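Colleague: test case, fold it:
(chains A, B, C and D)
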Protein chains: 2
Amino acid sequence: MTLVVDDDCEPDMSYRKPTIEDVAREAGVSRATASRAMNNMPGASGLTRARVAEVAATLGYRPNQAARALASGRRMVVDLVVVNYDPDLSWIGSHPYFSRVIAGMMSALDGSTVHLQIHVGLMAGAAELIDTVARQATVGAVLVNVPPDLAIRFQRRCPRVVSLNTPASSVPIVESENTAGAYTAVGHLHQIGCRRIAAIHGPSINACASSRRAGHLGLIGDAGVPDIAAGGGFLREGGYRAAAQLLAQHPEVDGLFVSSDLMAAGAVHAITATGRRIPDDIAVVGFDDSIAAVCANPPLSTMRLPVEEMAAAATKALLDGDLPSSWQKTFPVQLITRQSTDPTAAAYT
Amino acid sequence: MTLVVDDDCEPDMSYRKPTIEDVAREAGVSRATASRAMNNMPGASGLTRARVAEVAATLGYRPNQAARALASGRRMVVDLVVVNYDPDLSWIGSHPYFSRVIAGMMSALDGSTVHLQIHVGLMAGAAELIDTVARQATVGAVLVNVPPDLAIRFQRRCPRVVSLNTPASSVPIVESENTAGAYTAVGHLHQIGCRRIAAIHGPSINACASSRRAGHLGLIGDAGVPDIAAGGGFLREGGYRAAAQLLAQHPEVDGLFVSSDLMAAGAVHAITATGRRIPDDIAVVGFDDSIAAVCANPPLSTMRLPVEEMAAAATKALLDGDLPSSWQKTFPVQLITRQSTDPTAAAYT
DNA sequence: GATATGAGCGAGAGCGCTCTCTTAGCCAGC
DNA sequence: GCTGGCTAAGAGAGCGCTCTCGCTCATATC
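Modeller: Numbers count the residues shown, from 1 in each chain, chains lettered A, B, ... in the order given. Predicted coordinates for the structure are as follows:
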């Protein structure tokens, strides 16, 4: 294990990053008190706390995470907890949503010394996973696809937690306007002339899936078109099967709203397998604007979800600390029009 | 490829993770000597080195990265250097290759306290980026899409470097059998009856692209079929344009080998836009087995590249240290048959 | 044989922080 | 006033490692 670095470099020898010692001296207190003040530990007066905070700010003090980890025996990590059905890491490469989450978290962690640690658990052993991660959490955790009861369980053990798109009472959350987005998506189909609009929803236990379902129901109610729907599992296979079944039972369908691009890619396979053309016979709108949307043939109109920004916001909130349980942030989603609803769309958007 | 971490933190309080002190005592040497021995620093005899290594192994010693970072003043990070045209981090979510690289590196880093740090640079400022990263490198760097001269430049400044799929004399490398893979892919087209096989190659400066080109040329030479080829940029747009041009100039083409799935997805768009059917009129084989292959319509036959495993191997080599410049590891690629060459293929593979 | 050389190794001083132990200071209660 | 209790704050001992310095001893040089 080689690790020595030739110590060329460091042209500016006069500059030294401020340490807690510097802060303490400047504030006229001891190291211990400065540490207590900055870490919100009991044993420091409000006055001292304020003075230390001020000095730390003017000095631009940033605690050395290595020293902190060594002294406390705890590493500084942000945990990403994903409850999933596939314990294999290779989903990162094949599941466009998670890779975007990771990208966003990494960009938020950029420049800090905080780690990103990923935990994937099967739904079956999820409670245990939650307990383990919550117990050893340091900076905090971002929860993806974790059911509300487990999110609350996590929060009881460790309050530094943000849920991504899965609401659970009292758990801080970053969410996207799924309902409004689905309403817009289905509205788009209606606007281009579809009157027999079918939908393929995600698993109903999934919060995004039910919000999108609500948006869909909202629009078909307002527009007065029938509710034709099937469920998939947010994966390609599910989209394929649901679309095949839908087309068999409702051959008159002229528009299809699919709750995720990955499912939509599968649905496209099923649709073209029946000889129908997209968008001439059936227009299709997906959701997410993941790579699946642009690789599908034809490219899919979809609702763009700012996943990277959302994950980065969740991570930053954790990093900043002081996260009231009412904390939340909502991101808009945006319609992207491609050839699956608009034959005149440019080949590449 | 497992994901979950949790190797620290056993509830057994009597158990203490072995420290360098334990190793030193057991080996009958001082801490300093143990450190020297394990870090390949000069000043320890071969005998001592071996003894320390053995004790460390039997004790299951794992250095505490926090302590190491604190003592040495360096953080332990593995750098991923990507030279690209898009400085925006969001490519991670949309470029299937890089997300798989990251997945693989993360799995190798799993359980250690080593960071993954990503550097993306434009080709224009690449030399500067290389210098910066090499100077502050700790564990080492994995280079993706870094031209040979820059890889060598990096190595001169920091020998702890592995190139992914881009050979540069004397730089350790992890590569895949691109040439053999392309040969197999084109052979597959030939075997199913294609005789007018066109190819869309990646940018010739890219090593993977030229290896795959060599494999393509090899097979068409052996099979005695004409060389019909165009170039794309490894991106969807390039694949689209190249395919459109190819079909216009060579309408007789009945098979298409595309050097990346992303380009192939674009090519599929161009092919179906002309009214041709896949695979009946033209069979298509891609390369990579990325998500683009399965989202394309029809799903693409392709050569599976074990990107995650390759990236993990590169990272592990860095972590283990002691990387002779002749170090290299080669991974095979495997033909995956889907509907773009075989109409009888199952809808999902 | 005396001296220089250098390789192998140990002692020990930190790295920047956390956390326990201890002390100083203050007020309530008898 | 004295004791007890309680809070604010300081002193100091590490956390596990790296790295400099200096010592020892074998080998090379004159």
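Colleague: contacts and neighbour counts: CA atoms only from here.
Modeller: OK.
Colleague: and chain A, which of its residues are near DNA strand D?
Modeller: When proximity is defined by CA under 7 Å from any atom of the strand, chain A lies next to DNA strand D at A:4-5, A:28-33, A:42-45, A:47-48, A:67, A:70-73.
Colleague: are any of the residues you listed buried, and which?
Modeller: Among the residues of chain A next to DNA strand D, those classed as buried by 16 or more other CA atoms under 10 Å in any protein chain shown are A:5, A:31, A:33, A:44, A:48, A:67, A:70.
Colleague: the third one sits in which helix or strand?
Modeller: A:Thr33 belongs to helix A:31-38 when elements are defined using DSSP states H and E.
Colleague: and the next helix or strand after that helix with helix A:31-38, angle?
Modeller: On the C-terminal side of helix A:31-38, the nearest following helix or strand under DSSP H and E is helix A:46-59. Computed with axes from the mean of the first three to the mean of the last three CA atoms, to 10 degrees, the direction of helix A:46-59 lies at 90 degrees from that of helix A:31-38.
Colleague: could you look up the next helix or strand downstream of helix A:46-59?
Modeller: Counting by DSSP H and E, the next helix or strand C-terminal to helix A:46-59 is helix A:65-72.
Colleague: average pLDDT for the helix or strand just after that next one?
Modeller: For helix A:65-72, the following helix or strand on the C-terminal side (DSSP H and E) is strand A:77-84. Regarding strand A:77-84, the rounded mean pLDDT is 84.
Colleague: neighbouring strands - and their directions - for strand A:77-84?
Modeller: For strand A:77-84, the pairing partners within the sheet under DSSP bridges are strand A:115-122 (parallel), strand A:140-144 (parallel).
Colleague: beta partners of the residue of the stretch 101-250 of chain A found nearest chain B?
Modeller: Proximity to chain B, evaluated over the stretch 101-250 of chain A using CA to the nearest CA, is greatest for A:His119 at 4.9 Å. Beta-bridge partners of A:His119, counted by DSSP bridges, are A:Val81.
Colleague: from what I see, it and A:Val82 are in contact.
Modeller: Yes: A:His119 sits in contact with A:Val82 when judged by CA atoms under 8 Å, with a separation of 6.2 Å.
Colleague: give me the neighbour count for A:Trp344.
Modeller: No Trp there; residue A:344 is Thr. Applying the criterion other CA atoms under 10 Å in any protein chain shown, we find 9 residues in the vicinity of A:Thr344.
Colleague: ok, now how distant is A:Ser204 from A:Gly231?
Modeller: 8 Å (CA to CA, to the nearest Å).
Colleague: circling back to that earlier point, filter the buried ones among the residues of chain A next to DNA strand D down to the ones close to DNA strand C.
Modeller: Subset of those in contact with DNA strand C: A:31, A:67, A:70, counting by CA under 7 Å from any atom of the strand.
Colleague: so where's chain A shaky on pLDDT?
Modeller: Regions of chain A meeting the criterion pLDDT under 70 cover residues A:1-15, A:85-94, A:111-113, A:135-136, A:348-349.
Colleague: mind naming the longest helix for it?
Modeller: helix A:207-223 (DSSP state H).
Colleague: can you give me the buried ones in that one?
Modeller: Buried residues in helix A:207-223, counted by 16+ other CA under 10 Å: A:207-220.
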